[in-house]
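Structure of the sequence below:
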Amino acid sequence: QVQLVESGGGLVQVGESLRLSCVASGRTVNSGVMSWFRQAPGKEREFVAGIKWISGNLRYSDSVRGRFTISRDATNNNMSLAMNSLKPEDTAVYYCAYRTAGSVAVPSATTFYTDWGLGTQVTVAF
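Numbering: from 1, shown residues only. The predicted structure follows:
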């Protein structure tokens, strides 16, 4: 099992930027899929962006494409999410998720992922 710890959340104004980080420990990440999800109060957890660890193939949700950039650092076992042009609707707890099994594409379903972090709060204020 992989332990995941997110960091980098905070309170920002509309239009500002944040960079989230997810550090994996417990084993070396050398395969599988790692993704970001978010959950706003009263809403279901939703897929934000994901990356296939070996190929680097990416996937973004329509709501963040063009504003968010996901990347991975295989050497340091971590993944980042650069978030630009933040909007109030981006306010949520952001979670890192991982599964060692590969897939053809980056899955967006929460049920695919077996390992989850505890999340980091992102608040975008007017």
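
excluding its backbone neighbours, what's nearest the residue sitting nearest the centre point of the chain?
In the chain, the centroid-proximal residue (C-alpha atoms, centre = their mean) is Trp36; its distance is 1.9 Å. Using C-beta to C-beta, 6 or more residues apart in numbering and skipping residues adjacent in sequence, the residue nearest Trp36 is Val48, 4.2 Å away. Where you see a C-beta, it was placed from the backbone N, CA and C, and this is true even at glycine.

Can you report how many residues neighbour the one you found?
Each residue near Val48 was counted by other C-beta atoms under 10 Å, and the total is 24.

secondary structure element for it?
Remark: Val48 resides in strand 46-52, with elements defined by DSSP states H and E.

tell me which residues of that strand are tucked away?
By neighbour count on 16 or more other C-beta atoms under 10 Å, the buried set for strand 46-52 is Phe47, Val48, Ala49, Gly50, Ile51, Lys52.

Now for the residue nearest to Trp36: which residues touch it?
Ser35, Trp36, Phe37, Arg38, Tyr60, Ser61, Val64, Phe68, Leu81, Tyr94 (C-beta atoms under 8 Å, 6 or more residues apart in numbering).

what about the residue nearest to the centre of the chain, which SS state?
Using DSSP: H, G, I helix; E, B strand; the rest coil, the three-state assignment for Trp36 comes out as strand.

For Asn76, see how far away it is.
From Trp36 across to Asn76, the span is 17 Å (C-beta to C-beta, to the nearest Å).

what's the answer for Ser21, then?
Ser21 is 10 Å from Asn76, by C-beta to C-beta.

thinking again about what came up before, next SSE downstream of the strand holding Val48?
Note on strand 46-52: by DSSP H and E, the next helix or strand toward the C-terminus is strand 58-60.

Could you pull up the residues touching Met34?
With the criterion set at C-beta under 8 Å, 6+ apart, Met34 makes contact with Cys22, Ala24, Gly50, Ile51, Trp53, Arg72, Met79, Cys96, Ala97, Tyr98.

Now flag whichever of those is closest to Thr110.
Ala97 (7.3 Å; C-beta to C-beta).
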